[in-house]
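>>> what follows is a predicted protein model with its sequence.
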Amino acid sequence: MHTIPLMRILKSSLAVAFTMAIALSSSAWAQDKLTPDMARDLAREAWLFGLPLVMFEKQVDYSTYVTHAGEARAPINQFVHYRRFIDASNRSIVGFNVDNLYSLAWVDLAAEPLVLSVPAMGDRYWIMQIVDAWNGVPAAPGSRTLGGDEAHLFLIAGPDWKGTVPEGMELLRSPTNLGGIGGRTYCAGEDDYAAVNKLQDQYKLLPLSAWGKSYASPASVPLKKGADGETLVNQQVLALDAGQFFSNLNRLMATNPPYADDAPMLAKLAPLGIAPGESFSMAKLSAEVKAAIAEGVGAGKAALAQEARQLGEFVNNWGLTYDMGRYGTRYAYRAAWTFVGIGGNLMEDAFYPLALRDAKGDQLSGEHHYTLTFPAGAWPPANAFWSLTMYDIDGYLVDNPVNRYALGDRSGLRANPDGSLTIYLQAESPADEWQANWLPSPKAGPFKVALRLYAPAESVIEREWVPPAITRAD
């Protein structure tokens, strides 16, 4: 179990409170001393630092912009259960997989903790990943850590809650009040939907004050004023100007504190007017400094795009991330992973090699044909299961005539005579005998593929196994 202990939460709160006091006392005069060069550099760093938090709220608002739970969204503090695998028409969250049926909830813990109930799951793979508003993973209970023989009760509490945990509940402490629950339940396919749906119906989420009482989720919840439930989240974030972005950041940090290790960065950014709870304003700045701040934000966006092209360690032109959900103070790296996909699992639960380029380093593109061949005896080693998913360059599933978005160890793949396995990545269907190994790509334009190894084997964790390069075949 990867749960942030109370002492670490208190340490974080004290460190941030101390830094906040310094920032509030100094930023007003310091902002007057900003030179254009200082403003440009600080704005770049502040944009990369703050992107996860600003984007997280946009994702929460987008995903909860409904009055009642439906097929794809639910109000805050309620589950939405995906009853079947999604298709390319779903563009609500980047990086969706088609291996598990999702049970997702976006939560606000400011008022009180939430109780999460999970039934006995048997030998089925499951996880109830907790994601904080900085895209960290403070807890990840699931089949790897707890098995499935018993039912479980969890109490999910925010950073400031100091109550008593009821008997029989396990405390999952979130360092932020905004958060998410990324529930994933293994599904073998259409014939398995009914069994998984029955388990999903037993997942319960309710306020602590309602525990032990008759409780039903509100039949209708007002829509949040000012929220955008139509525009894609990435687009919303990129459209914010500097004033809007930094105002949102300051507001959100008041109730979603940065980590203790972020204190030096907060102190560094204070001259720009970045501080938890402070009102951000550029009204008194010179035209030159205002322009420099806008340039700094633009430089932050460029740095994000560059970082997103080289996530993780690169081996065979696959980006290999061994520290998903544990980004530390690598702020550009954290921002890029957040932009690529909120809520990636910890390494122990799932390993996510990502490829945008072929063996020669050229961008994968729908105009070409590619193959990915795993040698005999070196197919992806996973203790649960593995898959390879096709995405467009923005991270959404690719529409195709056979509605096939992923291949894996459940797909009836055909091995080569020597025991190796070749997967065909192309828009056109390959020869009939290799239909089972075809993963359709876009007809044109760049794309990327994600390999997922659930409960990866020790050889993966120890970095002994890595995926082979993707080869252009035409």
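Arrived safely. Numbering: from 1, shown residues only.
>>> now the one helix or strand V297 maps to, how far from the centre of its chain.
If you go by DSSP states H and E, V297 is part of helix 287-308. On the basis of C-alpha atoms, centre = their mean, to the nearest Å, helix 287-308 is displaced by 24 Å from the centre of the chain it belongs to.
>>> list the helices and strands that helix packs on?
Counting by 3 or more C-beta pairs under 8 Å, 6 or more residues apart in numbering; DSSP states H and E, the packing neighbours recorded for helix 287-308 are helix 36-63, helix 242-253, helix 331-340. (Each C-beta comes from the backbone N, C-alpha and C, glycine too.)
>>> stretch 199-206: which residues count as buried?
199-200, 203, 205-206 (16 or more other C-beta atoms under 10 Å).
>>> check stretch 252-264 too.
With burial defined by 16+ other C-beta under 10 Å, the residues of stretch 252-264 counted as buried are 252-253, 255-260, 262-263.
>>> same thing with stretch 164-182?
Residues 169-182 are the ones in stretch 164-182 that count as buried (16+ other C-beta under 10 Å).
>>> sitting in strands, which of those do you find?
170-173, 178-182 (DSSP state E).
>>> quick one: furthest residue from the center of this protein?
The C-alpha centroid of the chain is most remote from P417, which lies 39.1 Å away (C-alpha atoms, centre = their mean).
>>> ramachandran coordinates for that residue?
Dihedral angles phi and psi of P417 (degrees, to the nearest 10) take the values phi -50, psi -30.
>>> measure it to P113 for me?
58 Å (C-beta to C-beta, to the nearest Å).
>>> just the ones of the buried residues of stretch 199-206 in helices?
Counting by DSSP state H, the part of those found in helices is 199-200.
>>> just the endpoints, please. Distance across stretch 163-173?
12 Å (C-alpha to C-alpha, to the nearest Å).
>>> whoops, I mixed them up, stretch 278-294
Using C-alpha to C-alpha, the span of stretch 278-294 from its first residue to its last is 20 Å.
>>> only the buried residues of that stretch, if you could.
By neighbour count with 16+ other C-beta under 10 Å, stretch 278-294 contains the buried residues 278, 280, 282, 285, 289-290, 292-294.
>>> so for that stretch, mean pLDDT?
This predicted structure assigns stretch 278-294 an average pLDDT of 96.
>>> give me the residues contacting that stretch.
Contacts made with stretch 278-294 from outside it, assessed by C-beta atoms under 8 Å, 6 or more residues apart in numbering, are listed as 23-24, 27, 31-32, 34-37, 39-40, 43, 241-243, 246-247, 249-250, 272-274.
>>> now swap in stretch 222-239 and tell me
With C-beta under 8 Å, 6+ apart as the contact definition, stretch 222-239 has outside contacts at 51, 54-55, 58-59, 61-62, 64-67, 73, 91, 93-94, 245, 301, 339, 394.
>>> and if you look at stretch 421-436?
364, 366, 368-374, 379, 388, 390, 400, 407, 411-416, 437-444, 449, 470, 473.
>>> looking at these, which are in strands?
In strands, judged by DSSP E, the following of the contacts of stretch 421-436 are found: 370-374, 388, 390, 407, 438-440, 449.
>>> any idea how far the residue sitting nearest the centre point of the chain lies from S89?
The geometric centre of the chain, computed from its C-alpha atoms, lies nearest to I342 (C-alpha atoms, centre = their mean), at 1.7 Å. Here the distance between I342 and S89 works out to 20 Å (C-beta to C-beta).
>>> then R173?
Taking C-beta to C-beta, one finds R173 at 37 Å from S89.
>>> same thing with K162?
When C-beta to C-beta is applied, the distance between K162 and S89 equals 45 Å.
>>> go on, T471?
Taken as C-beta to C-beta, the spacing of T471 relative to S89 amounts to 31 Å.
>>> who's more crowded, the two?
Regarding T471 and S89, a neighbour count based on other C-beta atoms under 10 Å identifies T471 as having more, with 15 against 8.
>>> pull the contacting residues for the more buried one.
For T471, the residues meeting the contact criterion (C-beta under 8 Å, 6+ apart) are 358-359, 370-373.
>>> which residues does it bridge with?
T371 (DSSP bridges).
>>> what does the pLDDT read for it?
On the pLDDT scale, T471 is placed at 98.
>>> ok, now how distant is it from N316?
From T471 across to N316, the span is 10 Å (C-beta to C-beta).
>>> which neighbours do those two share?
Contact with both T471 and N316 is made by residues A359, according to C-beta under 8 Å, 6+ apart.
>>> P276 in helix, strand or coil?
Here P276 is recorded as coil under DSSP: H, G, I helix; E, B strand; the rest coil.
>>> for the nearest residue to it once chain neighbours are set aside, give its distance to D262.
On the basis of C-beta to C-beta, 6 or more residues apart in numbering, the spatially nearest residue to P276 that is not a chain neighbour turns out to be M253, at 3.7 Å. As defined by C-beta to C-beta, M253 lies at a distance of 10 Å from D262.
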